[in-house]
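Engineer: no FASTA, just this:
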C-alpha cells in the first residue's frame, strides 16, 4: 500500500500539535491541527457528528480515525476506543492519538517511541497532544487557552492552535493547518454536518492563514447555520442564539467592512426581535457601507420595527420604495409598519 506508506513516512518526519474537543452546549465536535507537513488536515482529523472526534498523528496510522469513530459509534468511551485501536496496531508505541467521545470524555496516547518533545494533556471535553515540539509549553499553552477562551468551539480551537504556535509549536517549522468541526445539520443549508471545514495545505504562515479564512467563514456560514439550527433544535435554541449573538457582537467591534454580513445578521435578529440596539447598529452599518441598496434600507426598517420605532420603520421603507416602487415585498412591509404605527397612536 504505497500511498499510505508515503503518508506515514511524511508524518513521522515532522512534528504535529493538535487539539480535539467538543462543546456540550451545542453538540459540536472538532479538531484543530498544525504541522510542518503538507496538508496535515488530510490525515490527522477525524470527526463525526453525535459520535466524537479523533486526531491521529506522530508515525500516524490513518486507520485509527475510522476505527476509533466506529468504536465510539458503538457506544464505547474514549478510553475504551483508545484501547481498542491500539490493540489492533502493530506499532502502538510509535503512535500518538487523542479522542473525545459523545459525552465529552477524553483520552490520549503518546507512544514511548515518539520523537521528543512529545506528550499530551486531557480534561473533560478536550484532548491536546503534540510531538517533535519545542517543549511541553506548546501543549500546556494550548490547554490553558482553550480552557479560558469564551465563544464558539471554533474560536476556542483556533485560539488554542495560535497559542501552541506562539509557544514554539513544531520544532521543525510551519507548513499546514486545519480546522474541522461537525454538528448535526450544521453544513451549508443543512445538507451535511460540516459546520467548519477549513484547510491550509501549504503556507509559510499556516495558522495565521487559517485564522484569516475562519474570520470570513464564521459570518458567511457559521452564523446562518446557528440561526437555522436554533429553529430546528428547540432544546438547543438558546445555545445557538447565544453563539450567533457573540458573532454579531464580534462583527460590530471589528473593522469588518462587509455590508452583506451586517445586513444578514441584522435581518435575522430583527425577525427574532432580539438584541434590538445591536440589530439596529448592524443594519445602519450595512447602510453606511452600501447606502444605495434598497434591500438594506428594508432591513433598517425591519430593525426599527423590531425596536418598536414604527415611525422610523415607515420612513426607511418609504426610502426603499423610492428605489423600487413596484417591489411587492417592500409594499407589504410598508403596510405592516403603517398599521403598527396607527395602532400605537
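Structural biologist: It's in. If you're wondering where the values come from, they're calculated on a predicted model, not measured in any experiment.
Engineer: residue 191: neighbour count?
Structural biologist: 8 (other C-beta atoms under 10 Å). Glycine gets a C-beta too; all of them are placed from N, C-alpha and C.
Engineer: wait, residue 161 touches residue 145, no?
Structural biologist: No: Residue 161 lies out of contact with residue 145 (C-beta atoms under 8 Å); the separation is 9.0 Å.
Engineer: before we move on, what SS does residue 326 have?
Structural biologist: coil (DSSP: H, G, I helix; E, B strand; the rest coil).
Engineer: thinking again about what came up before, between residue 161 and residue 145, which one's more packed in?
Structural biologist: Each of residue 161 and residue 145 has its neighbours counted (other C-beta under 10 Å); residue 161 has more, 27 against 21.
Engineer: quickly note the distance from the residue nearest in space to the middle of the chain to residue 341.
Structural biologist: For the chain, residue 154 is the residue whose C-alpha lies nearest the centre (C-alpha atoms, centre = their mean; 3.1 Å). Taking C-beta to C-beta, to the nearest Å as the measure, residue 154 falls 42 Å from residue 341.
Engineer: residue 95 too?
Structural biologist: Distance of residue 95 to residue 341, computed by C-beta to C-beta: 68 Å.
Engineer: try residue 292
Structural biologist: Taking C-beta to C-beta, one finds residue 292 at 26 Å from residue 341.
Engineer: quick one, which of the two is more surrounded?
Structural biologist: A direct count of neighbours by other C-beta under 10 Å for residue 292 and residue 341 places residue 341 higher, at 16 against 8.
Engineer: tell me the SS of that one?
Structural biologist: Quick answer, by three-state DSSP: residue 341 is helix.
Engineer: check contacts around it.
Structural biologist: Residue 341 makes contact with 310-311, 313-314, according to C-beta atoms under 8 Å, 6 or more residues apart in numbering.
Engineer: run the last query once more with 6 Å
Structural biologist: 310-311, 314 (C-beta atoms under 6 Å, 6 or more residues apart in numbering).
Engineer: which among those residues count as buried?
Structural biologist: Burial by neighbour count, judged by 16 or more other C-beta atoms under 10 Å, picks out 310, 314 from the contacts of residue 341.
Engineer: secondary structure and distance to residue 232 added to the contacts of residue 341, as TSV?
Structural biologist: Shown next, in TSV, are the contacts of residue 341 (DSSP: H, G, I helix; E, B strand; the rest coil; distance: C-beta to C-beta, whole Å):
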residue	secondary structure	distance to residue 232
310	helix	31
311	helix	36
314	helix	34
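Engineer: same list (the contacts of residue 341) but as CSV, adding pLDDT and distance to residue 104.
Structural biologist: Below are these laid out as CSV (pLDDT from 0 to 100; distance: C-beta to C-beta, whole Å):
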residue, pLDDT, distance to residue 104
310, 97, 47
311, 97, 50
314, 98, 50
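Engineer: could you single out the nearest of the contacts of residue 341 to residue 268?
Structural biologist: residue 310 (20.4 Å; C-beta to C-beta).
Engineer: the closest one reaches residue 340, doesn't it?
Structural biologist: Yes: between residue 310 and residue 340 there is a contact under C-beta atoms under 6 Å: 4.5 Å.
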